Every structure is written in C-alpha cells, then in structure tokens.
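S.K.: sharing a model that was predicted from the sequence below.
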Amino acid sequence: MLCLQAYFIKYMKKVFFLLLLFFSAFASYGQNNKQYKMAIIGFYNLENLFDTLDDPKINDDEFTPAGSKNYNGDIYKDKLSKLSDVISQIGTDKSPDGIAILGVAEVENISVLNDLVHQTKISKRNYQIIHYDSKDFRGIDVGLLYNPKYFRPEASDKLFVQLPGGSKDAYYTRDILWVKGKLDGEVIYIYVNHWPSRSGGEERSAPAREAAAQVCRNHMDSILRKEPNAKFILMGDLNDDPINVSVAGVINAKGRLKDVKPGGMFNPWTDIYKKGFGTLAYQDAWGLFDQILISYPWLSKNQDGFFFYQQQIFKKEYMIENIGRYRGYPMRTWDGNRYRGGYSDHFPTYIVLLKQLKEVKKGF
C-alpha cells in the first residue's frame, strides 16, 4: 500500500510539473483571470564576439592567435558557451521558450552568430539570423536572432549613419539594422542599434549619437506617414542614457506613459535609470545604455495584438564580477589583454509583451 501511495505521489508530481511548464507560457494579467500569450524581446551587447581568423578588411588583429590578446579557439569556444548560458536563461522564469527575438551588438560577422545559435543550450530553439556587414572600423556589427515559432521576417536592410565632421576620429560607425516582420501574425518594425561610442569625450561625440538617432527617427516617420498605427521596437546599445538628447530629444522617447502621444515613443527604462540601476558601469557609476523603446500602439491593452507588459534587466549573480577593480560590475570577457572569462561588460535587457487569448466556447 505504501509503495502504491509513493508511486501515486511521484506520478502526480510529474503531472503537476508538466502542467506548470505548459501554463508558464502564458501570464495572468488584471483581475479577470484571463490568459495571455507571451513574447519576450531582448537586447544583448555580446562584448567583442570575434572569430580567430585575421580578416584583412577590418581591424581585428588583437582577436587572433598572433594578436595582443593571444586569442585562440579555446577562448572563442568558452566565450560562445558562456553567452549561450545567458541567452538560454533570459525570460525562462516567465516562458519556457525563453527569448523570442534578440538584438545583439559587437559581433564580427554572421559566422560567429551561426556558431552561437548552434550552441547546445539554445540550439533547439532554432534561432534564425539577420545580419549585414557594415563599415565600422573595428569590424563589429549588430544582428538579430529570432525564433521562427514567434517571428517571421518580411523585409530587412541596413541603414547608413553619416558621422558629423569632428564628432569622431573614425569615418564610419555601425549601420542600423531594420527589420519588418510578423510577430505571431502581427506586423512590427524592429531597429537594432549600436550608436557611436563616447570615446574622444561625451560632449564631442554626442552629435554622432544624435545623428544615429535621427536616422531611426526619419525612417520611422516615413513609415508612420503610411501606417499611423505602426508598431516600432527600437533597441540597442545607444551609448547614451535615457535622459540624453539622442534618446529623449531626437527620438523623443518619454519616460512616463501619460506623456506618450500617437506617433511617439515610450522609454520604460527612464525611471529605472533615475533610481540608480544600469546595464554597465564606468568609474563606479551606472549607465543604462542598453535600452528597448516602443511606440505608442504597444501601450494599449484594449487591442487584439500584443501590448507592453513589463521590462527587466537580466542580471544573475554569476554574471557579476566578484573580485578586483571591477567588483560589482558586469563580469567582462577581458580585463585589458587578460582573458577574464566572464560573459559581457553589459547586462542584457528585455521586455515582455502579452496578447489576450481568445476564449474558446465550450459545448456541442
């Protein structure tokens, strides 16, 4: 009898676990106990994801076996494995599918992204890749990974950013990746960005970031003239905080929901930044460069499509530096030319979107 009871308890635990996995793909929202489909959209700066080969067209010499970092196949494989650890866990406390769409920055080419999506921990998600080479002097680009279970691209292109004279020493920066597609049948537009850095000084380089922001703003405006209710997601390492001119001025992203008007953008990270949280640290101060902005139509819960639910910085204890001068910062891959063996010097961010499931009438 005791054996039978033990078997029954074990069986019921297994049934409960399977049911939990099934229903975790949905979320309860509001007071009516309705069910919603969930989509998780994120961004992650991968911190110098280079292969080990010397590409004569770009400045990648330090990321080769003969370079100053003594970069080799073992380091490359370790880097891929650790990045896949993080990606495999983003959002899985909310949905067993994890992240549906992930914008990435600091990747050398499509080859490294292909190696990344085939890592054991995420390979079963069947992530597909959208990527274009740009003329950035370091040879790094942005890209988009997407789960075809959720998203189907229809068009994509790279948007060139002309750097204003005197704002940067370089002639070129990263192109902006623009993608149009359907999120569970709903047309959306995505912009993946890695705006010019602050090297050379924040004030001097600010016009370069404002120029990149203007490229996005102009492109969105051209779509809005034809589709006033277009749904935009602008994500990336903006190298500016939510309160800087490029974001709050050029993009005109508001930090309060009540201030967002049709055609405008909402920045869910403004309050988080003002409370002292961030995605990267410099000289013991937190910055929140890794942002995901959304347009006005995402804010209405009274719609058939997806709406914005919440935002998160993905930060686990194992991703935080625990020794040395960067203690408390994101655990980086490199400390100068020494391989630290961390994950990235940025924490990833993500937003959660919900869509109400239509009620199925019971009966014959």
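M.R.: Sure, I can see it.
S.K.: helices of this structure, residue ranges please.
M.R.: Per DSSP state H, the chain carries helices over the ranges 2-23, 73-89, 110-117, 202-224, 270-274.
S.K.: Phe308 is nearest to which of the ones you listed?
M.R.: Phe308 lies closest to helix 270-274 among the helices of the chain, at 14.0 Å (CB to CB). C-beta here means a position set from N, CA and C on the backbone, and glycine is covered the same way.
S.K.: by contact count, what packs against that closest one?
M.R.: Of the remaining helices and strands, none touches helix 270-274 by 3 or more CB pairs under 8 Å, 6 or more residues apart in numbering; DSSP states H and E.
S.K.: mean confidence score for that helix?
M.R.: Average pLDDT, helix 270-274: 98.
S.K.: go on, stretch 143-158?
M.R.: In this model, stretch 143-158 has a mean pLDDT of 98.
S.K.: what's the neighbour count on Asp124?
M.R.: Rather than Asp, residue 124 is Lys. Per other CB atoms under 10 Å, the neighbour tally for Lys124 reads 8.
S.K.: then Pro242?
M.R.: The burial count for Pro242: 22, using other CB under 10 Å.
S.K.: roughly how far apart are it and Phe277?
M.R.: For Pro242, the distance to Phe277 (CB to CB, to the nearest Å) stands at 11 Å.
S.K.: returning to that earlier point: mean neighbour count and distance to Lys124 for the helices of the chain - can I get that in a markdown table?
M.R.: Output for the helices of the chain, formatted as a markdown table (neighbours: other CB atoms under 10 Å; distance: least, CB to CB, whole Å):
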| stretch | mean neighbour count | distance to Lys124 |
| --- | --- | --- |
| helix 2-23 | 10 | 14 |
| helix 73-89 | 18 | 10 |
| helix 110-117 | 18 | 11 |
| helix 202-224 | 18 | 33 |
| helix 270-274 | 17 | 32 |
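S.K.: now distance to Phe160 too, for those helices, in TSV please.
M.R.: TSV is the format used below for these (distance: least, CB to CB, whole Å):
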stretch	distance to Phe160
helix 2-23	45
helix 73-89	28
helix 110-117	19
helix 202-224	8
helix 270-274	29
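S.K.: can you tell which of these is closest to Leu49?
M.R.: With CB to CB as the criterion, Leu49 lies closest to helix 110-117 of the helices of the chain, at 4.9 Å.
S.K.: pLDDT value on Lys358, please?
M.R.: According to the per-residue confidence, Lys358 scores 80 in pLDDT.
S.K.: which residues touch the closest residue to Ser197 other than its chain neighbours?
M.R.: Excluding the flanking residues, the one nearest Ser197 by CB to CB, 6 or more residues apart in numbering is Asn239, at 5.3 Å. For Asn239, the contacting residues are His194, Trp195, Pro196, Ser197, Arg198, Arg209, Phe289, taking CB atoms under 8 Å, 6 or more residues apart in numbering as the criterion.
S.K.: the residues you listed: which two are farthest apart?
M.R.: Farthest apart among the contacts of Asn239 - using CB to CB - are His194 and Arg198, which lie 12.8 Å from each other.
S.K.: so between these two, which is more surrounded?
M.R.: The residue with more neighbours, out of His194 and Arg198, is His194; 28 against 18, by other CB under 10 Å.
S.K.: for the more buried one, report the pLDDT, please.
M.R.: The model reports His194 with a pLDDT of 98.
S.K.: re earlier: nearest to Pro148, of the helices of the chain?
M.R.: That would be, of the helices of the chain and by CB to CB, helix 110-117, which comes in at 11.7 Å.
S.K.: how about the residue nearest to Ser197, phi and psi?
M.R.: Here the main-chain torsion angles of Asn239 (degrees, to the nearest 10) amount to phi 50, psi 20.
S.K.: quick check: pLDDT value at it.
M.R.: The predicted local confidence for Asn239 comes out at a pLDDT of 98.
S.K.: Glu62 is in contact with Thr52, correct?
M.R.: No - distance between Thr52 and Glu62: 11.4 Å, which falls outside the contact criterion (CB atoms under 8 Å).
S.K.: shared neighbours of these two, which are they?
M.R.: Counting by CB under 8 Å, 6+ apart, the residues touching both Thr52 and Glu62 are Tyr71.
S.K.: what's near enough to touch the residue lying closest to Val161 once chain neighbours are set aside?
M.R.: Nearest-residue entry for Val161: Ala212, 4.7 Å, with adjacent residues in sequence omitted and distances by CB to CB, 6+ apart. The contact partners of Ala212, taken as CB under 8 Å, 6+ apart, are Val161, Thr173, Ile176, Asn193, Trp195, Pro196, Ser246.
S.K.: and the residues you listed, which of them are buried?
M.R.: For these, a neighbour count by 16 or more other CB atoms under 10 Å gives the buried set as Val161, Thr173, Ile176, Asn193, Trp195, Pro196, Ser246.
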